[in-house]
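Participant: Let's see this in three dimensions:
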Amino acid sequence: MHVGEQRYRIADVAVYEGEEPQGAVPAETPLVVIEILSPDDRMSETLDKLSEYRAWGVPHVWMVDPDTRSLYTYEDSGLREVNSFQLPEYGVRIALDDLC
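Facilitator: Residues are numbered from 1 along each chain as shown. Next up, the predicted model:
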């Protein structure tokens, strides 16, 4: 995704609403970005990436840690562990058991 003038990011999952984004590198802000932690991910780099998504205007920034079976949302106040991911504007709730 083209998140800035000279900045690109590759999210593990990006969910768009409305029409499909155009081009090989979308410049449209997604509704949801999901990062799935890998064993070699550094938390500081992941938090930077999540922060950048929020600054870009992504309304729902989520993180999954498969090793600890934990779900997190990243909000303006920072990272928060949650029991499920929710899209209240669509009536969607995704619990950990729905993912694994």
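Participant: any chance you could map the strands in the chain?
Facilitator: Counting by DSSP state E, the chain has these strands, from start to end: 2-4, 7-8, 13-15, 32-36, 60-65, 70-75, 78-82, 84-87, 92-95.
Participant: Tell me which of these approaches Ser51 most closely.
Facilitator: If you check each of the strands of the chain against Ser51 by Cβ to Cβ, strand 70-75 wins as the nearest, at 7.3 Å. Using the backbone N, CA and C atoms, a C-beta is placed for each residue, glycine as well.
Participant: what's in contact with the closest one?
Facilitator: 47, 50-51, 53-54, 60-65, 79-85, 96 (Cβ atoms under 8 Å, 6 or more residues apart in numbering).
Participant: Run me through the strand neighbours of it, direction for each.
Facilitator: When sheet partners are counted by DSSP bridges, strand 70-75 sits next to strand 60-65 (antiparallel), strand 78-82 (antiparallel).
Participant: out of the ones you listed, which comes closest to Gly91?
Facilitator: strand 60-65 (14.0 Å).
Participant: so what's the closest residue to Asp12 other than its chain neighbours up against?
Facilitator: Leaving aside its sequence neighbours, Asp12 sits nearest to Ile36 (Cβ to Cβ, 6 or more residues apart in numbering; 4.6 Å). For Ile36, the residues meeting the contact criterion (Cβ under 8 Å, 6+ apart) are Asp12, Val13, Met63, Val64, Pro66.
Participant: Name the helix or strand of the chain that has the lowest mean pLDDT.
Facilitator: Ranked by mean pLDDT, DSSP states H and E, the weakest helix or strand in the chain is strand 2-4, scoring a mean of 65.
Participant: which of the contacts of strand 70-75 are buried?
Facilitator: When burial is judged by neighbour count using 16 or more other Cβ atoms under 10 Å, the buried members of the contacts of strand 70-75 are Leu50, Tyr53, Arg54, His60, Val61, Trp62, Met63, Val64, Asp65, Phe85.
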